[in-house]
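>>> For reference, the sequence and a predicted model appear below.
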Protein chains: 2
Amino acid sequence: MTDQRVTRADGRAETIMQATLDVAQETGYTKLSIEAVAARAGVGKHTIYRRWPSKGLLFLDALLSLNEPVLDFPDTGDIRADLRRQIHATVDLLGTEPWAPLYQALVGEAQHDPAVAAGLNERFTRPQTEKTIARLKTAQHQGQISPDLDLDLAMAILSGPLYFTFLITQEPVTHDYVDRVLDALFAGMSPRPPMR
Amino acid sequence: MTDQRVTRADGRAETIMQATLDVAQETGYTKLSIEAVAARAGVGKHTIYRRWPSKGLLFLDALLSLNEPVLDFPDTGDIRADLRRQIHATVDLLGTEPWAPLYQALVGEAQHDPAVAAGLNERFTRPQTEKTIARLKTAQHQGQISPDLDLDLAMAILSGPLYFTFLITQEPVTHDYVDRVLDALFAGMSPRPPMR
């Protein structure tokens, strides 16, 4: 009986997540409302508010209900190839239709709502950062990454240029762009041999 | 007579810009409204709507009315010192109180409103990018920057990691963080000598 109830509750949550994504895709994030999601999911508004205190948090859950497994880090022993493959996969997921405008809206909402920012960080950015650092640490031990590289900066340096293009210039983040960024980051800005 | 009218109109625009910044600082961007700005500036709502069709564009103009001269690129002949000084100045302006939350809100709004994104790009990001590229080109000619560095990526690579911290992890962007990012970008991720 209890199990059945849990299953029913989970099924309802799934229906609400799907309704949120459907409405967001159809109307855009700005016009997304808890009323519209409730109507689409066939539940009462308060059913949604009980679990999701704001539109931003509902939307965060809906987006995060989708993407976990794709973004795991491969380890083929070649750090450049692995980074390339993993970043291409992320860009394919978050940077292209239909998700690009939704993920962009979520990051936009995170600028206005600290709870959304914290959720996005804890549930998406930090786990991705930890996987990135773990993979780079292995590569550093294998001599494929400079022993001096400050791994705490790795996520900012690798994904910052992509976020800049996605959020600020709002140009398409293509595989070619990712490859050019990786080339530049691996080579460094200093002429070789270094001037220092 | 015409000149006097222009001066009066400019004075009124200045009053509206200041009122926008005051209200935004007091209430936060989410609660900023054209009504509240009109009341503070002592003008009618329609006076504002005639020139600024949305709250986002009004806010963009208000923020951009402030920061131009500080962000010019120095050229002392030492590219690392100059980048460091210029980025510190930018971070001091945009990344600390009272401007940090306002600039953050503006970038947030740019994720929902393409007109705000385009305005921010044309009037702030692109000019800054051009100044950055020009300064780096000189340094490249002087042998201080790798001849292979793709200058079209320079702004994304230099400012992307700072935007990542500002917008995504939302940790403070300190001078020390800027210095660590510059060190990592100049050195590159590859071990030296390069593996390729």
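Yes, it's here. Residues are numbered from 1 along each chain as shown, chains lettered A, B, ... in the order given.
>>> rest of the way, CA atoms for contacts and neighbours
Fine.
>>> any idea how far residue A:105 is from the most centrally placed residue in chain A?
By C-alpha atoms, centre = their mean, chain A has its centre lying nearest to residue A:124, at 5.7 Å. Computed as C-alpha to C-alpha, to the nearest Å, the residue A:124 to residue A:105 distance reads 15 Å.
>>> Now for the nearest residue in space to residue A:82 that is not next to it in sequence: which residues touch it?
Nearest non-adjacent residue to residue A:82, counting by C-alpha to C-alpha, 6 or more residues apart in numbering or on different chains: residue A:74, 5.7 Å away. Neighbouring residues of residue A:74 by C-alpha atoms under 8 Å, 6 or more residues apart in numbering or on different chains: A:82, A:85-86.
>>> Then residue A:29?
A:102, A:105, B:112.
>>> Residue B:26 versus the last one, what's the distance?
So that's residue B:112. Going from residue B:112 to residue B:26 by C-alpha to C-alpha gives 23 Å.
>>> of these two, who's got more company?
Set residue B:112 next to residue B:26 and count neighbours by other C-alpha atoms under 10 Å in any protein chain shown: residue B:112 wins out with 22 against 11.
>>> Residue B:83 versus the residue nearest to the more buried one when sequence neighbours are not counted, what's the distance?
For residue B:112, ignoring the flanking residues on the chain, the nearest one in space by C-alpha to C-alpha, 6+ apart is residue A:105 at 6.2 Å. Using C-alpha to C-alpha, residue A:105 is found at 32 Å from residue B:83.
>>> same thing with residue A:46?
Taken as C-alpha to C-alpha, the span from residue A:46 to residue B:83 is 53 Å.
>>> Among the two, which residue is more densely surrounded?
Legend: neighbour count by other C-alpha under 10 Å for residue A:46 and residue B:83, higher for residue B:83 (21 against 13).
>>> list the contacts for that one?
Residue B:83 neighbours (C-alpha under 8 Å, 6+ apart): residue B:73.
>>> From chain A, how far off is it?
12 Å (C-alpha to the nearest C-alpha, to the nearest Å).
>>> name the element that residue belongs to?
Using DSSP states H and E, residue B:83 sits in helix B:79-94.
>>> What residues of that helix count as buried?
In terms of neighbour count (16 or more other C-alpha atoms under 10 Å in any protein chain shown), helix B:79-94 has its buried residues at B:79-80, B:82-83, B:85-94.
>>> now do stretch A:31-50
A:32-34, A:36-38, A:40-41, A:48.
>>> Please work out the average pLDDT along that stretch.
For stretch A:31-50, mean pLDDT rounds to 96.
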